[in-house]
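S.K.: I need the structure of the sequence given here:
(3 chains)
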Amino acid sequence: MLRIEGLTAEIDGKPILQGVDLEVPAGELHAIMGPNGSGKSTLSYVLSGREGYEITGGSVTFNGVDLLAMEPEERAASGVFLAFQYPVELPGVGNANFLRTALNAVRRHRGEPEVDAMQFLKLARVRMKELSMPEDMLKRGVNVGFSGGEKKRNEVLQMALLRPKLAILDETDSGLDIDALKIVADGVNAMRAPDFSALIITHYQRLLDYIVPDRVHVLMAGRIVKSGGPELAHELEAQGYAQVAA
Amino acid sequence: MVAVTETIEAVQSVAEGGYKWGFETDIEMEFAPKGLNEDIVRFISAKKNEPAWLLEWRLKAFAHWKTMVEPEWPAVNYPKIDYQDAYYYAAPKYKVAPKSLDEVDPELLRTYAKLGIPLREQAILAGVEGAGDSPAEGRMPIAVDAVFDSVSVSTSYKERLAKDGIIFCPISEAVQEHPELVRQYLGSVVPPGDNYFAALNSAVFTDGSFVYIPKGVKCPMELSTYFRINAKSTGQFERTLIIADAGSKVSYLEGCTAPMRDENQLHAAVVELVLMDDATIKYSTVQNWYPGDAEGRGGIYNFVTKRAACRGARSKVSWTQVETGSAITWKYPSCILLGDDSVGEFYSVAITNNRQQADTGTKMWHIGARTKSTIVSKGISAGRGQNTYRGLVKISPKAVGARNFTQCDSLLIGDECGAHTVPYIENRCMTAKVEHEATTSRIAEDQLFYCRQRGLTQEEAVGLIVNGFCREVLKELPMEFAVEAQKLLAISLEGSVG
Amino acid sequence: MNAINNAAGFLARADTLSTPVWAASTRAAGRAALATYGLPTRRAEAFKYTDLAPVTQAAFGAEGQALALPALPAMRGHARLVFVDGVLRGDLSNLPPRPLSDAAGLLGSLAHATQPLAAMNAALFEDGLFLDVPAGEDAGLIELVSVVTGAMGPIAFHPRHVLRLGQGARLTLLDTSDGVAGLGYLHNPVFEISLGEGAEMAHVRIQREGRAAFHLSSVHTAIAARATYDNFTLNAGGRLARNEIHASLDGPHAMCHMNGAQLVGDGQHADTTTDLHHAAPDCGSRQTYKTVLAGRSRGVFQGKILVSRAAQRTDGYQMNQALLLSETSEMDSKPQLEIYADDVKCSHGATVGALDAAQLFYLRSRGIPQEQARSMLVEAFLTEAVDGVGDDACRTALSEAVAGWWVGERSTAPLAGRA
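M.R.: Sure, this is the predicted structure:
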């Protein structure tokens, strides 16, 4: 599904990714772990098409299509979803309006009929209940005045509604208490399907107790230095990055 | 907690009271005749043995000045200045020009010692061995140029600096020794006709400092000029020109004092800074001209034009000023951000107490791409002082990605003073971002009470809180200056709380 | 100083007007100021960013007669007063106003001839309304509608409106200016509003003149103790528009809100100038202005808060934000604080910039196309301003006006450039 080959990227002339190779087959959940500054967030932004990152080499294909040639909204429409580490606040943009606009943009791309306000509300209510989100969060501005946990849940809600093929979760566990963490993990686990893959970017092994990955990769200094099964995460937690990567 | 201790000491020293720099040095002086006309301009030029081009330049500026009118837009009031009733040239009299510090009138040296300027012993002892980097001492030496009324009397560390190719000398000397540099850059940042006081200065400037830092050189010590108005009825018109060539770096300090007199004296200086690619200039001022007495008698009219041209890419200029003195301050150290990615900063503390008036701020003119500017202004009004921040942030269409952040805070002490904020923001570039914030407040009763409950007197508490209010600016000052500045803040606010 | 007076055309027109006795002193003061100073040029600090030359150079005159009426804006309440080409039309209004002559004692008491726009109005006003809401009465929502037929060519009209709210009285005034496209007329209304103790007035203004028109308006409001004045001005029309709002908080615990949005499209110049005087203790003021600029356009915001020595415990806040959507737009802001009391809490803020790149990316990362994402953010920016308006009918009218402008702007000029 996702194939990254020799990917190098820099910000303001400073190299961050220095040759990332990674393959995520359909139906698999992969975790990427690494210390601060290893390039984890850069990888997630490069995959989702944020400006300010210069791709200096390598390739990324998504179901055989060149992902890097696409605009951010095209990537989203074709099924790439980024759950932001720091979700952006959009004052004045109502959450319901935002979610429905995004859903319909993606549905249009898939050739599915658009949903009207009533249909949308029905859909959203079901998902919000699963995520224990109060309904008034639909009326508020996107992420405005949300607590850290509410923002993360709002990200997972968007994922549930947009039904991506590849979800990139960028430190979704940061700032979450244990209850919220479980809710978010349940949300991700519910997405598991033969045509759904995920890249779970995290600093700690904690999240991986709830979302058990098929593979774990260690990213250090812009490169995948080690890959293994779920047990690698525990190894990292016990021994630290320096030890494991050595 | 050194800062706090210093502050408290400073407040306590206030008990003795007054402006401690207010003495007059009794020294034999040479004056030009009173008044202002072409002959005076010629007299000054001749005294300085200037080349013809400079005399021409002065005369042109003078002719232009005569066509101009004094600006009325600043929020300051003062009686009309009689430009004919002042001396435009006053200099300590020497039979022979001094060759070294030893030949300088000891009375003059005593003056500077009284003012706490490390001109002689400290300078010479520490200087020659390229010192100051001795970690035990932990202090950088400071090279000092001292300007007494119309002339520079001494410059220390010249030889040490010359080793690095740095020129630091009185501008009158630079005219003789480095005419090509002076001719190229003088008036290139502040043209003679720029404004009323700049034109006046261009016509009659007498001395000031000249600095040239060659390519790639990081100046090994702080450079400093100390300005002193001593003589009666004398205007001071100094001119400072600093050129930082590509990749160079310098920190420059200036300090000013004047005797207590019940007449008003005019100080109209021009400072020009030129920065090439990757050059950095940090320019710090502690301005403590005599502010006048509690009733507003006397004091210096401080009408100053300061401007930096960031001509090179990635050049950076930082203005830091602590303005505690002068009866009237009219001053807008500005940055022309021409080079791409160049940076301008302005950090200011201005205090007005008694009848002092200050109208000060900055202009940030963004021309190059991705240029950045930061403005932090702290105004403190006490007594019957009036304090205005006036600033312009101008973004040209080509300044793509430019950024400005401005923070203006005013503190009022007592209900007879005024605090005013007049920012102008002109943005013609879509991708630029300008943010401005301003607040006005007073020292909260609960803050005062908290301090006093811990044993501080009212004045100590005020000094402490004011220093906190100014912290963002004071931390930009070099160490020695920061301590001095904190003391000054406390002293300047003497008697402002009942 | 014998330069030709740039208001000569207006003065000539003033000389042809007959002046009733009750208006004589106001008119004389206005005429004298206009004759002495003319209209201000950019050399005047208050007009530094707004050049009135297109107004002083235009030729205004009335020819012919109104034939067909243009469509009037939708009714929002039950009571309305309709001005057509600057003349109050009783046949189209359903509220009998008191004659302006009854306001003789109030006329010129707030709008002084030292203010250039007020002086021009004083010299030239021919009609206007006097609304007097007695103490304790709630007048509800009254609409003040101004429309231009275009039948009489490029007219200039200078209505003078005087409003008085007695103690505890209440009024919501929805004040709409509409015009015809392509006609260079001038609308120069002046409002003099006095609010008695505890009175409450919401003043919602929608300026939607034709795109070739000039709109120069000024509001002068005196607010007594515990009274509240709440002004919202939507500035969307005109080639050159300036809205001045002068308000004075004259009694303790009075409150003033000034909010607004400026929608400035290609070829437009919009200026909002506020002048707020805290003259009494314990008063509060809140100002929020938003400006959106597209095409070749210029927006101006000048906002001054003056706090007198007596105005202890003042709480003043002002914010102005501008969004530049094109490479050829310009925003000039001059917020200003002038403070002479020490126990005050005053702040102002200003931001000017493009749409936020992080917000734009967030929307696009959810599959929303760039243009739609930009549009959502612009609408959100404006919605925030309008949402603060309490009266439902007024808020609906404003939202419709905003949406109307935005639809028109997007259809005529696609948003230039990328974020």
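
S.K.: make it CA atoms for all contacts and neighbour counts henceforth
M.R.: Noted.

S.K.: any regions of the chain where pLDDT drops low?
M.R.: Here I'm looking at chain A. Along chain A, the parts satisfying pLDDT under 70 run over A:245-246.

S.K.: wait, chain B was what I had in mind.
M.R.: Checking chain B against pLDDT under 70 turns up B:1-29, B:92-144, B:146-156, B:228-233, B:256-262, B:495, B:497-498.

S.K.: which parts of chain A are helices?
M.R.: A:40-48, A:72-77, A:95-110, A:117-130, A:148-162, A:178-189, A:231-239, A:241-245 (DSSP state H).

S.K.: end to end on stretch B:350-369, go ahead and measure it.
M.R.: For stretch B:350-369, the first and last residues are 31 Å from each other (C-alpha to C-alpha, to the nearest Å).

S.K.: from B:T406, how far off is A:K139?
M.R.: Distance from A:K139 to B:T406, by C-alpha to C-alpha: 34 Å.

S.K.: of the two, which one has the most company?
M.R.: Between A:K139 and B:T406, B:T406 has the larger neighbour count (other C-alpha atoms under 10 Å in any protein chain shown), namely 22 against 12.

S.K.: residues contacting the more buried one?
M.R.: B:374-376, B:435-437 (C-alpha atoms under 8 Å, 6 or more residues apart in numbering or on different chains).

S.K.: try it again at 10 Å.
M.R.: When contacts are counted by C-alpha atoms under 10 Å, 6 or more residues apart in numbering or on different chains, B:T406 touches B:345-346, B:373-377, B:391, B:393, B:423, B:434-438, C:349-350.

S.K.: strands - which of these land there?
M.R.: B:345-346, B:373-377, B:391, B:393, B:423, B:434-438, C:349-350 (DSSP state E).

S.K.: tell me what the longest helix seen in chain C is packed against?
M.R.: Longest helix of chain C, by residue count under DSSP H: helix C:392-412. Packing contacts for helix C:392-412, counted by 3 or more C-alpha pairs under 10 Å, 6 or more residues apart in numbering or on different chains; DSSP states H and E, involve strand C:138-147, strand C:170-178, strand C:200-208, strand C:228-235, strand C:255-264, helix C:370-386.

S.K.: mind doing that once more with 8 Å?
M.R.: strand C:200-208, helix C:370-386 (3 or more C-alpha pairs under 8 Å, 6 or more residues apart in numbering or on different chains; DSSP states H and E).

S.K.: buried stuff in that helix?
M.R.: Neighbour counts over helix C:392-412 (16 or more other C-alpha atoms under 10 Å in any protein chain shown) mark C:394-395, C:397-399, C:401-402, C:405-406, C:409 as buried.

S.K.: worst mean pLDDT among the helices and strands packed on helix C:392-412?
M.R.: Across these, helix C:370-386 has the smallest mean pLDDT, namely a mean of 90.

S.K.: quick one: is that helix near chain B?
M.R.: No. Helix C:370-386 stays clear of chain B (C-alpha under 8 Å from any C-alpha of the partner chain), getting no nearer than 14.1 Å.

S.K.: check the offset of that helix from the chain's centre.
M.R.: On the basis of C-alpha atoms, centre = their mean, to the nearest Å, helix C:370-386 is displaced by 23 Å from the centre of the chain it belongs to.

S.K.: number of residues surrounding the nearest residue to A:G49 once chain neighbours are set aside?
M.R.: The shortest distance from A:G49 to any non-neighbouring residue, by C-alpha to C-alpha, 6 or more residues apart in numbering or on different chains, is to A:P72 (5.0 Å). Look at A:P72: counted by other C-alpha under 10 Å, it has 29 neighbours.
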